[in-house]
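Peer 1: quick one, fold the following:
(2 chains)
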Amino acid sequence: EVQLVESGGGLVQPGRSMKLSCAASGFTFNNYDMAWVCQAPKKGLEWVATISYDGSSTYYRDSVKGRFTISRDNAKSTLYLQMDSLRSEDTATYYCARRLRRVFDYWGQGVMVTVSS
Amino acid sequence: DVQMTQSPSYLAASPGESVSISCKASKSINTYLAWYQEKPGKTNKLLIYSGSTLQSGTPSRFSGSGSGTDFTLTIRSLEPEDFAVYYCQQHNEYPLTFGSGTKLEIK
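Peer 2: Residues are numbered from 1 along each chain as shown, chains lettered A, B, ... in the order given. As a prediction, the model looks like this:
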């Protein structure tokens, strides 16, 4: 059974950093591109970033370019999202997702990130 | 960015009825449109991609249609487990973008 379990969320002050992790199991992690998708409170879903199966390629939405870094450790079957210079508008639930043809066939339960002083 | 507009945002129906949800793109996305189901306490579920291709495990009462800018998700003969929030997503180009969601509730 495919499982994606996010961790690392919580309350953080504006301008500070936070690193999210996503532990994957139930599939061959290094065969799949992975992504982060977020959902701000009472808002819709927003794609954040994607990383290729081997980590060689990354893609970001414009609003996080230069602030967020997606990475992966295939030996640990873990996906990461390093979030720097956090802003209040980054407050959201962040989902880890497995990518299939630019869609997302498996999702985690999500982890909440609140950026507030 | 491609803007995705879903309608209606709220829909009430009874089990056994059929419903349709619309998703319109701000420019042509060919047939690259996906539909997801969101339910409390469960992870999001991919239902359909490439406009009309059912993801493995999606019941046949779900169908997707459309191309270009106009797409429709149809659910025939609603089952109790179908009452959820549905999102569309274009997968034609980056940034990948989603609709704002349609909440399907029991009448």
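Peer 1: which helix or strand contains residue 72?
Peer 2: Reading this off chain A. strand A:68-73 (DSSP states H and E).
Peer 1: the chain in question should be chain B.
Peer 2: Taking DSSP H and E as the criterion, B:T72 maps to strand B:70-75.
Peer 1: returning to what we had before: any part of the strand holding A:R72 near chain B?
Peer 2: No. On the criterion C-beta under 8 Å from any C-beta of the partner chain, strand A:68-73 is out of touch with chain B, staying 13.2 Å away. No exception for glycine: its C-beta is placed from N, CA and C like everyone else's.
Peer 1: burial of B:S60, as a residue count?
Peer 2: When counting by other C-beta atoms under 10 Å in any protein chain shown, one arrives at 7 neighbours for B:S60.
Peer 1: I should have written A:W36 there, sorry.
Peer 2: Look at A:W36: counted by other C-beta under 10 Å, it has 27 neighbours.
Peer 1: quick one on the thing from earlier: quick one: list the elements packing against the strand holding B:T72.
Peer 2: Applying 3 or more C-beta pairs under 8 Å, 6 or more residues apart in numbering or on different chains; DSSP states H and E, we find strand B:70-75 packed against strand B:19-25, strand B:62-67, strand B:85-90.
Peer 1: list the strands paired with that strand, with their directions.
Peer 2: Its sheet considered, strand B:70-75 pairs with strand B:19-25 (antiparallel), strand B:62-67 (antiparallel) by DSSP bridges.
Peer 1: which SS class is the most centrally placed residue in chain A?
Peer 2: Closest to where the C-alpha atoms of chain A average out (C-alpha atoms, centre = their mean) is A:W36, at 3.1 Å. The local conformation at A:W36, judged by DSSP: H, G, I helix; E, B strand; the rest coil, is strand.
Peer 1: please identify the deepest-packed of the strands paired with strand B:70-75.
Peer 2: Compared across those, strand B:19-25 shows the largest average neighbour count, a mean of 20 (mean count of other C-beta atoms under 10 Å in any protein chain shown).
Peer 1: other residues contacting that strand?
Peer 2: Residues outside strand B:19-25 that contact it (C-beta atoms under 8 Å, 6 or more residues apart in numbering or on different chains) are B:2-8, B:11, B:13, B:33, B:35, B:66, B:68-75, B:78, B:86, B:88, B:90, B:99, B:102, B:104.
Peer 1: quick check: A:D73 touching A:Y80?
Peer 2: Yes. Look at A:D73 against A:Y80 with C-beta atoms under 8 Å: they come within range, at 7.5 Å.
Peer 1: give me the more crowded residue out of those two.
Peer 2: The residue with more neighbours, out of A:D73 and A:Y80, is A:Y80; 20 against 13, by other C-beta under 10 Å.
Peer 1: next, give phi and psi for the more buried one.
Peer 2: Phi and psi for A:Y80, reported as degrees, to the nearest 10, are phi -130, psi 160.
Peer 1: tell me who's in contact with it.
Peer 2: Contacts of A:Y80 (C-beta under 8 Å, 6+ apart): A:19-22, A:69-73.
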